[in-house]
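# please find the sequence and the predicted model below.
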Protein chains: 2
Amino acid sequence: MTKSGHPDGPNESRAQTEALETLTVNRRRLLAGTVGMVGALMMRSVARSEEAAMPVVPDDPTRVPGAAPTAYGQRSPFEQAVRVPRSWWASLTPLQDSQGMLTPSALHFERHHNGVPVIHPTRHRLMIHGLVERPWSFTLDDLKRFPSVSRLAFIECSGNSAIEWRAPTGKTVQQTHGLTSTSEWTGVALKTLLGELGVKPEASWVLAEGSDAAAMTRSLPLASLMEEALICYAQNGEPLRPEQGYPLRLLVPGWEGNTCIKWLRRLKLGTAPFMTREETSQYTDLMPDGTARQFTMVMEAKSVITSPSGGQRVQPGWIEINGLAWSGRGRIAQVEVSTDGGRSWQEAVLQDPVLPKCHTRFRLPWRWNGTDVILQSRCRDETGYRQPTRAELVSVRGVNSIYHYNAIQSWRIAADGQVTNVHA
Amino acid sequence: MTKSGHPDGPNESRAQTEALETLTVNRRRLLAGTVGMVGALMMRSVARSEEAAMPVVPDDPTRVPGAAPTAYGQRSPFEQAVRVPRSWWASLTPLQDSQGMLTPSALHFERHHNGVPVIHPTRHRLMIHGLVERPWSFTLDDLKRFPSVSRLAFIECSGNSAIEWRAPTGKTVQQTHGLTSTSEWTGVALKTLLGELGVKPEASWVLAEGSDAAAMTRSLPLASLMEEALICYAQNGEPLRPEQGYPLRLLVPGWEGNTCIKWLRRLKLGTAPFMTREETSQYTDLMPDGTARQFTMVMEAKSVITSPSGGQRVQPGWIEINGLAWSGRGRIAQVEVSTDGGRSWQEAVLQDPVLPKCHTRFRLPWRWNGTDVILQSRCRDETGYRQPTRAELVSVRGVNSIYHYNAIQSWRIAADGQVTNVHA
């Protein structure tokens, strides 16, 4: 990668121009004010977070005493990555700006069925009833006294990439794939709680209900929940964020996001699915023959190149192709990248640790020669399942579906370096 | 764990009292306003983050449409965990509130030598010079074009637990151990950059310099940096936080935090240590014989029980003892917990994944019988090194040191359930 990794003309001169502009602004402000003012302005703008006015930047930061520690930090006001709303009920994670495998809680995608409720943590209860020996209503304090478990896991909305079923509609990877995020979740294993309450032998399904204004409900098979399901109260080392279900969320690692009921208030054990609206009219897969697949909860293996991706512009020379791969069935075993529209494939490097049911960052250094090309990634999980091409997926599922689109994504780089979403 | 895991009188009644208080407030507000107002008030207070007034809590959240998605999320206004300032130059992570292995960036401890500078990302440069074939000044964009690496790693200030050398001064685990945090860091391997520039054969030490108002500088052995050192631009999936070195930080996994130079602007390769203030008058270990150990950079294995911990109050019955263990030399191999002041030890469960040079969460369910006891944890890392008792540490190091205190921590639980810091 010699030379080409070095600064190239365009970059360098752009940086210098911006530097000069900032310098001019500074000199003007500093004439009007004092050095102390710099710190003051900065503090205020940092406190106001993303809506902040840009702080005054000293010509030489080593000449200006910096700001004091803060109680609860904010990101730099120069950083503006945001979740973009897909509608009043969802917002998407800016995957084009993502690094590593974690999603900052502040940028974790959102999907609400009637908005984010205000719930007081000490007033909240989790009721577990139905086919249990000892029905019980738990406070948050009760749940925190049980043995806890932490695990890293992605949550993906089954509607992620839905807009790609018929046409390459999404302009950016945030629009095509932004309904998936990875966090570290902490809570109590559901099997621990049910062990306390005693499950009646005939119990086989569980109704999970949220305390949002949709009273979001799903039916889930008890046997699967006993394996890995967690009642979570923490995310990324602190309490759940409100939009992620504060104070309690059901986590079913690898299953479609809507099964991870947020603001969880009730679990009822029964002998059959409860056939709620969200598993009859919603969250079913309409097949070509007009039948609908129900309870297709596992999110199958999927990958996408996040850089370079739609809306970005690249320059000839060495760049790093990188992206994310994940599978609801376990670990990612392999990711391959094609730079010629799928004719040839190269194995990408997977970033350790490769964890089950987590985003896995893959990377491949690549030298772009300035010609028109199509970039693709495809993954295989530890069960041997391989991410399908769009043709393979459509041949089975048709194009009437909304959910579970996991086909290979194609990004076209035109000769001018502009990256766009195409169906290749 | 039967029964005792269930709600106990005190908890339940406290929750009910708080619930009633909130209800009263609600009814009053709701008489004066409308349901729409609830959402509005909530939105405003969430936006104002931790300084927020408490939002109005609806009696039944399922009856009130919730808030819309937001661009960049905030935590619940009911959550108030904060970094506490140790002085104008440091703040501590609230480990007593920590969950899992990750530290939220907003709560990552801070240690500044002259505050947090304001740095414009496009104006910032990293200069690498001295004994290299091709000295170079890199922009942030340049660095992002190189192959990237992500890794989870703790950073611990070598002054963490310093106040414990002479007396059990810290009242809480935040005060005794709050200068350590774990994040996922992403950037360029230093060896990749130096491979581009060409290292002259005689080079053996590196001067790393920050662009804060202290121009914080340390000398680091080149050979060690070539193994794992990263030039980081991202933390926990988004750009570095300002207090963590935005836009660039040197990460030397496992080494004392001050070597991970923040706001990194310069690396100079030389043939010997540069003997800066931070390695002569500061960050040396004063031994009993009056000599000072220099360049003791590795943070040795250490563990601490974070719950129950100083300042907390526990109730008789089953509780989970949990805490964190970490080692600058690799993975944690074992954590043992004593509930009788070190006479007997039980092995704790380590939470997967156990990663090298990362916080590792350990857990042990325990039934407290209401008598006066002393809780301790001790860890062993994969090199076989075992965390010393206080007596063992002091017998070698004396009590004149400030840095690298990693002795076993003792928490006393009195018969009334109050937890305090003791030297046992």
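Yep, that arrived.
# may I have stretch A:395-411 as CSV, with CA atoms only?
Extracted C-alpha coordinates of stretch A:395-411, given in CSV (Å, rounded to 0.1, in the frame of the first residue of the first chain):
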residue,chain,number,x,y,z
SER,A,395,-37.1,-17.1,-6.9
VAL,A,396,-38.4,-18.5,-3.5
ARG,A,397,-40.1,-15.6,-1.9
GLY,A,398,-41.4,-13.6,-4.9
VAL,A,399,-41.6,-9.8,-4.5
ASN,A,400,-44.8,-9.4,-2.4
SER,A,401,-43.0,-9.7,0.9
ILE,A,402,-42.2,-6.9,3.3
TYR,A,403,-40.1,-8.8,5.8
HIS,A,404,-36.9,-10.9,6.0
TYR,A,405,-35.1,-9.4,2.9
ASN,A,406,-31.4,-10.6,3.3
ALA,A,407,-30.2,-10.7,-0.3
ILE,A,408,-26.6,-9.7,-1.3
GLN,A,409,-26.4,-5.9,-1.6
SER,A,410,-24.8,-4.3,-4.7
TRP,A,411,-23.1,-0.9,-4.6
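# any idea how far A:Thr339 lies from chain B?
For A:Thr339, the distance to chain B (CB to the nearest CB, to the nearest Å) stands at 16 Å. Glycine gets a C-beta too; all of them are placed from N, C-alpha and C.
# show the residue spans covered by the strands in the stretch 1-150 of chain A.
Assignment of strands within the stretch 1-150 of chain A using DSSP state E, counting those that start in this stretch yields the ranges A:84-87, A:90-92, A:110-111, A:126-130, A:136-138, A:149-156.
# so what strands line up beside the second one?
In its sheet, strand A:90-92 lies beside strand A:84-87 (antiparallel), strand A:110-111 (antiparallel), with partners assigned from DSSP bridges.
# can you give the contact residues for that strand?
Here strand A:90-92 makes contact (CB atoms under 8 Å, 6 or more residues apart in numbering or on different chains) with A:83-86, A:109-112, A:157, A:174-175, A:178-179, B:69-71.
# quick check on those: which are buried?
Those of those that meet the buried threshold are A:83-84, A:86, A:109-112, A:157, A:174-175, A:178-179, B:69-71, by 16 or more other CB atoms under 10 Å in any protein chain shown.
# so among these, where is pLDDT lowest?
When these are compared by pLDDT, A:Arg86 scores lowest at 87.
# apart from its neighbours in sequence, what residue is nearest that one?
A:Leu92 (5.8 Å; CB to CB, 6 or more residues apart in numbering or on different chains).
# same thing with A:His124?
Nearest non-adjacent residue to A:His124, counting by CB to CB, 6+ apart: A:Pro247, 5.3 Å away.
# counting neighbours, what do you get for that neighbour?
26 (other CB atoms under 10 Å in any protein chain shown).
# I figured A:Arg380 hits A:Arg329, correct?
No: with contact defined as CB atoms under 8 Å, A:Arg380 does not reach A:Arg329; the gap is 11.0 Å.
# can you show me the helices along chain A?
Remark: helices assigned in chain A by DSSP state H are A:9-32, A:35-47, A:140-145, A:173-177, A:190-197, A:222-228, A:390-397.
# please save the CA atoms from the fourth one in PDB.
Coordinates of the C-alpha atoms in helix A:173-177 are reproduced here as PDB (Å, rounded to 0.1, in the frame of the first residue of the first chain):
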ATOM      1  CA  VAL A 173     -26.800   2.000   3.600                       C
ATOM      2  CA  GLN A 174     -28.600   3.800   6.400                       C
ATOM      3  CA  GLN A 175     -31.800   3.600   4.300                       C
ATOM      4  CA  THR A 176     -31.200   0.100   3.000                       C
ATOM      5  CA  HIS A 177     -29.900  -1.600   6.200                       C
END
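# and chain B, is it touching that?
No: counting by CB under 8 Å from any CB of the partner chain, chain B has no neighbours in helix A:173-177; the shortest distance is 12.2 Å.
# by contact count, what packs against that helix?
The contact analysis (3 or more CB pairs under 8 Å, 6 or more residues apart in numbering or on different chains; DSSP states H and E) places helix A:173-177 against strand A:84-87, strand A:302-307.
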